[in-house]
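# test case, fold it:
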Amino acid sequence: MKKIGLFGGTFDPIHNGHLHIARAFADELGLDMVVFLPAGDPYHKEETTRTPAHHRLAMTELAISDDERFAVSDCDIVREGATYTFDTVQIFRQQFPSAQLWWLLGSDSLLRLHTWKKWQTLVKQINIAVAARQGFSLHQAPQEIHAWLGEALQNGRLKPLQTPLYDISSTELRRRIGRNEPVSDFLDRRVENYIRQYKLYKP
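Below is the predicted model of the structure:
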C-alpha cells in the first residue's frame, strides 16, 4: 500500500525548517511521497499581506527538488475562496483511493483541530502526524478532542514525530530579508536567489 504524506502551509518563504520536518515525516513513517501544499486562501491564517501564490509555489518547487520523495501540488491555490483541509483530503482520497494518507500538523494546530470543518469525519479519512512545537503539549488538548486523541494514539492513527522542529519562522525570515540581514543558513540557495531576483519581502 502506498503511503502518502500531505504537508500544507503558507511557505512564505519555504525554509530549511520545513524541509527538515518533511524529511522526518517521510523517514519516521516510511512514506513513499510527501506532497507540499502551498496555501491559496487558508482559513486559519489571519495574515493578509501574503506573497502571491505563484511565487510561493515556485519557491517550494525549487526547495524540494533534491529529494525524490517530495512533490508539490497547487490544489489549494487553484481553488477559489477559503480552502479547508477536509476538501483537500477528499481530492487526494479520490486521486489515491487505495493509499494510506497522512497529514502533517504542528502540535499547536492539533489543539485547534475541533474547530476545523467536519473534523470528526476528517480524522476517519486520514492519519495525522504531529510535529512538536515548543511550548505545546498533547496534555493541553481541549476536552472536545480527548476521546478521539486517546483512541487515535492507541490505534496508531495519530503519531507524534520524534524529530524536534528547527527554531526558524518565516515571519522572522521576512523581517531579516527586509533589513538586508543574512539568511543563507535558513534558506535553500535557489530560494534565496529567487527572493533576490523578484525583490520579495522588501519594504
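
# where along the chain do the helices fall?
16-29, 53-64, 75-78, 85-95, 107-110, 119-125, 143-155, 170-178, 189-197 (DSSP state H).

# buried residues in the helix or strand bottoming out on mean pLDDT in the chain?
Within the chain, confidence by mean pLDDT, DSSP states H and E is lowest for helix 107-110 among all helices and strands, at a mean of 90. Residues 107, 109, 110 are the ones in helix 107-110 that count as buried (16 or more other C-beta atoms under 10 Å). To be clear about C-beta, it is placed using only N, CA and C from the backbone, and glycine gets the same treatment.

# got the CA coordinates for it in CSV?
These are the backbone C-alpha positions of helix 107-110, laid out as CSV (Å, rounded to 0.1, in the frame of the first residue of the first chain):
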residue,chain,number,x,y,z
SER,A,107,1.1,20.5,17.9
ASP,A,108,-0.4,24.0,18.1
SER,A,109,-2.7,23.3,15.2
LEU,A,110,-3.7,19.9,16.7
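
# for that helix, packing partners?
Counting by 3 or more C-beta pairs under 8 Å, 6 or more residues apart in numbering; DSSP states H and E, the packing neighbours recorded for helix 107-110 are strand 127-131.

# which residues are contacting the strand it packs on?
5, 21, 24-25, 28-29, 100-107, 110, 138, 152, 156-161, 163, 165 (C-beta atoms under 8 Å, 6 or more residues apart in numbering).

# then stretch 72-88?
Outside stretch 72-88, the residues touching it (C-beta under 8 Å, 6+ apart) are 6, 8, 35-43, 53-54, 57, 60-61, 64, 91, 103, 116-119, 121-122.

# dump that stretch to PDB, restricted to CA.
Output in PDB follows, covering the C-alpha atoms of stretch 72-88 (Å, rounded to 0.1, in the frame of the first residue of the first chain):
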ATOM      1  CA  VAL A  72       4.300  19.900  -4.800                       C
ATOM      2  CA  SER A  73       0.600  20.400  -5.600                       C
ATOM      3  CA  ASP A  74      -1.200  23.600  -6.400                       C
ATOM      4  CA  CYS A  75      -4.600  22.200  -5.500                       C
ATOM      5  CA  ASP A  76      -5.100  24.700  -2.600                       C
ATOM      6  CA  ILE A  77      -4.000  27.600  -4.800                       C
ATOM      7  CA  VAL A  78      -6.300  27.000  -7.800                       C
ATOM      8  CA  ARG A  79      -9.400  26.600  -5.700                       C
ATOM      9  CA  GLU A  80     -11.300  29.800  -5.100                       C
ATOM     10  CA  GLY A  81     -12.300  31.100  -1.700                       C
ATOM     11  CA  ALA A  82     -11.300  29.700   1.600                       C
ATOM     12  CA  THR A  83      -9.600  26.300   1.400                       C
ATOM     13  CA  TYR A  84     -10.400  23.600   4.000                       C
ATOM     14  CA  THR A  85      -8.200  20.600   4.900                       C
ATOM     15  CA  PHE A  86     -11.300  18.500   4.600                       C
ATOM     16  CA  ASP A  87     -11.800  19.400   0.900                       C
ATOM     17  CA  THR A  88      -8.100  18.900   0.200                       C
END
